[in-house]
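J.: Return a 3D structure for these sequence lines:
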Amino acid sequence: MADKKSPYWNPTAAMPTDFPAQCQGKQPGIQLQMNPQPVTGAPAEPSGGKLQNRVAIVTGGDSGIGQAVAAAFAKEGANLVIAYLEEQEDANKTVQMVNAAGRQCVAVRCDLRRESDAKKIVETAISAFGQADLLVNNIAVQFPQNTIEQISGEQLKNTFETNVFSYFYMAKAVLPHFHQGCGIINTTSVTAYEGSPTLLDYSATKGAIVSFTRSLSQALAPQGIRVNAVAPGPVWTPLIPASFDAQKVSNFGKSVPLGRAAQPFEIAPAYVYLASDNSACMTGQVLHVNGGVITES
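T.: Modelled structure (predicted):
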């Protein structure tokens with residue numbers, strides 16, 4: 001790697017392109033069991049207060065993209081409330097990363113398929129910090145199946161309740177506390193644009209999130225509340241070894257033009273941009289951080 005002071009220093013130069021065959025078998029997966037560990041903390045200079053004294057709620061903030069976003073927001077001055085399902089050790093790591101940036105973080109175990117839990121998350125933010133300014137909807141599950149006949153009604157319901165219903169619930173819960181300048185960022189996926197023959201229900205939810213983002217942005221624009229989304233391509237997160245078999249994991253991300261999966265910290269700056277005043281004139285949009293895949297947005 002070049003010297004960090006060089007204008008050609010590349011923080012992604014040492015990122016892995018190969019992943020050992022591995023499979024966890026249960027979602028949403030445990031980050032601490034992954035090999036190699038996802039890089040969620042950016043190997044770059046500290047940032048400059050773009051989110052100073054704001055309070056952000058990040059669902060799925062215990063690992064992967066959610067953990068990277070929480071860490072990046074903290075470096076920009078935000079306090080955090082993160083929602084997680086059951087991965088206590090991963091959630092503790094996020095809290096440590098936020099604290100190391102000099103900010104506060106509250107981790108809340110919950111099941112956001114229940115609307116009451118979404119309300120609990122928002123109430124926690126208001127109780128702890130007196131405000132809520134940003135919402136990052138980020139949780140997801142995916143269960144690969146070779147045919148549509150293999151997708152049970154139970155799987156279809158779980159996928160939509162996790163990936164779509166939770167986004168609605170969180171938005172409904174937080175909006176009474178929002179004002180002009182607040183914002184929502186939804187995590188969609190490249191599969192919303194490309195499709196996936198083995199992830200029919202997952203892709204459908206990600207398409208729904210795109211439409212939800214565009215429609216909610218129009219509904220809230222008169223209030224000065226912005227709603228945008230990020231559509232990652234392959235990213236090395238716990239969802240991968242928890243979803244796919246070992247052979248699939250060993251080839252993960254190699255099909256994109258850049259030839260590798262992204263690390264979570266490489267996705268987080270897109271969320272920082274959409275959360276900050278730098279994107280004050282952007283709403284209803286989707287940022288594609290996908291390793292070079294050409295999509296029709």
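J.: how about the helices in this structure?
T.: Using DSSP state H, the helices of the chain run over residues 64-75, 88-100, 115-129, 153-160, 166-174, 191-194, 200-220, 239-243, 246-250, 264-275.
J.: Gln31: which of those is closest?
T.: Ranking these by proximity to Gln31 (CB to CB) places helix 88-100 first, at 4.7 Å. C-beta here means a position set from N, CA and C on the backbone, and glycine is covered the same way.
J.: Tell me what angle the closest one forms with helix 64-75.
T.: 20 degrees (axes from the mean of the first three to the mean of the last three CA atoms, to 10 degrees).
J.: Gln145: what's it in contact with?
T.: Residues counted as contacts of Gln145 (CB atoms under 8 Å, 6 or more residues apart in numbering) are 151, 155, 198, 200.
J.: what's the answer for Phe19, then?
T.: Phe19 touches 35-36, 236, 249-250, 252-253, 261, counting by CB under 8 Å, 6+ apart.
J.: at 10 Å instead, please
T.: 34-36, 236, 240-241, 246, 249-254, 260-261 (CB atoms under 10 Å, 6 or more residues apart in numbering).
J.: Any chance of the helices of the chain in a markdown table with distance to Val230 and mean pLDDT as columns?
T.: Converted to a markdown table, the helices of the chain look like this (distance: least, CB to CB, whole Å; pLDDT from 0 to 100):
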| stretch | distance to Val230 | mean pLDDT |
| --- | --- | --- |
| helix 64-75 | 8 | 96 |
| helix 88-100 | 18 | 96 |
| helix 115-129 | 20 | 98 |
| helix 153-160 | 19 | 98 |
| helix 166-174 | 13 | 98 |
| helix 191-194 | 11 | 96 |
| helix 200-220 | 10 | 98 |
| helix 239-243 | 15 | 81 |
| helix 246-250 | 23 | 81 |
| helix 264-275 | 5 | 96 |
